[in-house]
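[1] No sequence on hand, only this structure:
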Ligand code: PEP
Ligand code: MG
């Protein structure tokens, strides 16, 4: 089935009736980026920059960062790439950013919260990203992780613009940000929903806890309702809404996310052809009906069944 799907993926993400839904990749290294470009990704929806820092005792210099980012961006010259600023803290502590021991690291000083204490680290990263964007010719946007409020989003966007970068966005992975999608989107150029952390925080269920996997299922209707709120806000404001969590790599869920208002889907490179082909199988109208059906259920299993029955009708 995967080979058949790959054959029908023509490299342009769109529904059967031609509504564009960009199919882009999550990457964390130059080899990821090369593989994603070869798989036909239309760009990068999430470049996790932490890789450049993990294991570093000292903050890498701007030049070192710039060279590392350039390697990831180069396969996507002329294409859109969303670079996420450092998502440190929680399970990814960094030696040179000693945040202290936290009783609840997932709820602690992580992601953009680190930058409120150390804006100099963020500014140096933005300088390196701007340099790598110029070096590579990729159409770079920058986005912040773990944003909770519109004020945080506005603070970030101002620093991105001060660094000379043209587009600033934030991840929607804290429930408060999803519930304030209109206000958050008002402060930035785009958002991207991180369903991995959004599920964890909505269900109060550690994303790494195998025993809680059912609560972290991206088909949970409560999670989909939050995605719908963000999608509605995006349509209203005319701004892009991506999905870059694991949810986007499920070919059955991909069309539902599009129906809920996602304008791009970002996933591991190997899922790109399968998801691209799945989007081309139905019209946007059908995906909207599938999304409505999923929203009206009370469990992941019922949501899947409801969507299957709309798509096979
Ligand atoms: C997410 O939280 O859904 C996400 C895409 O980011 P990460 O998995 O890196 O936390
Ligand atoms: Mg996350």
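    Arrived safely. On a predicted model such as this, the values are computed, not experimentally measured, just so you know. Ligands and ions are numbered 1, 2, ... in the order given.

[2] Quick one: name the residues of the stretch 151-300 of the chain near ligand 1.
    173, 194-197, 244-245 (Cβ under 6 Å from any ligand atom). In short, each C-beta sits where N, CA and C put it, glycine included.

[3] So for whichever residue of the stretch 201-313 of the chain sits closest to ligand 1, what's the nearest residue that isn't a sequence neighbour?
    Ligand 1 sits closest to residue 245 of the stretch 201-313 of the chain, with a gap of 3.1 Å, by Cβ to the nearest ligand atom. Once flanking residues are discounted, residue 245 sits nearest to residue 195: 2.9 Å by Cβ to Cβ, 6 or more residues apart in numbering.

[4] Tell me which stretches of this structure form strands.
    22-27, 44-48, 80-84, 139-144, 168-172, 190-193, 241-243, 264-268 (DSSP state E).

[5] Any chance of JSON lines for the ones you listed, columns mean pLDDT and mean neighbour count?
    As requested, the strands of the chain are exported to JSON lines (pLDDT from 0 to 100; neighbours: other Cβ atoms under 10 Å):
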{"stretch": "strand 22-27", "mean pLDDT": "98", "mean neighbour count": "27"}
{"stretch": "strand 44-48", "mean pLDDT": "98", "mean neighbour count": "26"}
{"stretch": "strand 80-84", "mean pLDDT": "98", "mean neighbour count": "25"}
{"stretch": "strand 139-144", "mean pLDDT": "98", "mean neighbour count": "25"}
{"stretch": "strand 168-172", "mean pLDDT": "98", "mean neighbour count": "29"}
{"stretch": "strand 190-193", "mean pLDDT": "99", "mean neighbour count": "27"}
{"stretch": "strand 241-243", "mean pLDDT": "99", "mean neighbour count": "30"}
{"stretch": "strand 264-268", "mean pLDDT": "98", "mean neighbour count": "27"}
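
[6] between the ones you listed, which one is nearest to ligand 2?
    Ranking the strands of the chain by their distance to ligand 2 (criterion: Cβ to the ion) puts strand 168-172 first, at 6.4 Å.

[7] Paired strands for that closest one, with orientation please.
    Using DSSP bridges, strand 168-172 pairs in its sheet with strand 139-144 (parallel), strand 190-193 (parallel).

[8] would you list the ones you listed in TSV and tack on distance to ligand 2?
    Shown next, in TSV, are those (distance: least, Cβ to the ion, whole Å):
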stretch	distance to ligand 2
strand 139-144	11
strand 190-193	10
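
[9] Where does pLDDT dip in the stretch 51-200 of the chain?
    Within the stretch 51-200 of the chain, not a single segment meets pLDDT under 70.

[10] same thing but at 90, please
    Scanning the stretch 51-200 of the chain for pLDDT under 90 picks out 51-57, 88-103.

[11] near ligand 2, which residues of it show up?
    By the rule Cβ under 5 Å from the ion, the part of the stretch 51-200 of the chain lying against ligand 2 is 173, 194, 197.

[12] looking at it, residue 195 is touching residue 248, isn't it?
    Yes: with contacts counted by Cβ atoms under 8 Å, residue 195 reaches residue 248, the gap being 7.5 Å.

[13] the more surrounded of those two?
    For residue 195 versus residue 248, neighbours defined as other Cβ atoms under 10 Å are more numerous around residue 248 (30 against 26).
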